[in-house]
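Chemist: Sequence first, then the predicted structure:
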Amino acid sequence: MSRSSIKVRAKVKNGKAKVKMLISHPMETGLRKNKKTKKLIPAHFIQEVVCEHDGTKVLDAEWNATISKNPFLSFSFNGAKPGDSIKISWVDNTGKSDSTEVKMR
């Protein structure tokens, strides 16, 4: 099994979860040219990020080519406790995807 492109830290304090994630992805806009060939580099960006807390969707983000390379995302939600599961997944415009699941601390 290969390593996930998603690094996640999820902590709970007084029932409030704080989730931080870093996704390794090139996030190409399709507008940049290769300096040597002068041809456009094809668009390659994350379109959707979904976060689930014990099977319930708590975040559904639709992204586009304006998001930077290796994007960082942080969000909070209520109703969590240590040991709960959080699943993060993404899908890009080429059909590639990745996901990871961690336990909250």
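Modeler: Cool, got the structure. Computed from a predicted model, the values in this text were never measured in an experiment.
Chemist: what about the closest residue to V19 other than its chain neighbours, how many neighbours?
Modeler: Spatially, and ignoring its direct neighbours in sequence, V19 is nearest to A10 (4.7 Å; C-beta to C-beta, 6 or more residues apart in numbering). In short, each C-beta sits where N, CA and C put it, glycine included. Summarising burial for A10: neighbours were counted as other C-beta atoms under 10 Å, giving 21.
Chemist: Repeat that for M21.
Modeler: For M21, which is what you asked about, the neighbour count (other C-beta under 10 Å) is 21.
Chemist: who's it bridged to?
Modeler: M21 has these beta-bridge partners by DSSP bridges: V8, L73.
Chemist: quick one: it and L73 touch, right?
Modeler: Yes: using C-beta atoms under 8 Å, M21 and L73 qualify as a contacting pair, with a distance of 5.2 Å.
Chemist: follow-up on the earlier one: may I have the predicted confidence score for the residue nearest to V19?
Modeler: Residue-level confidence at A10 comes out at 97, pLDDT.
Chemist: So it versus V50, what's the distance?
Modeler: Using C-beta to C-beta, to the nearest Å, one obtains 15 Å as the distance from A10 to V50.
Chemist: nearest residue to F72 other than its sequence neighbours?
Modeler: Setting aside the residues directly before and after it, F72 is nearest to L22 in space (C-beta to C-beta, 6+ apart), at 5.2 Å.
Chemist: Tell me who's in contact with that neighbour.
Modeler: Listed by C-beta atoms under 8 Å, 6 or more residues apart in numbering, the contact partners of L22 are I6, K7, N70, P71, F72.
Chemist: ok, now with 10 Å
Modeler: S5, I6, K7, V8, R9, N70, P71, F72, L73, S74 (C-beta atoms under 10 Å, 6 or more residues apart in numbering).
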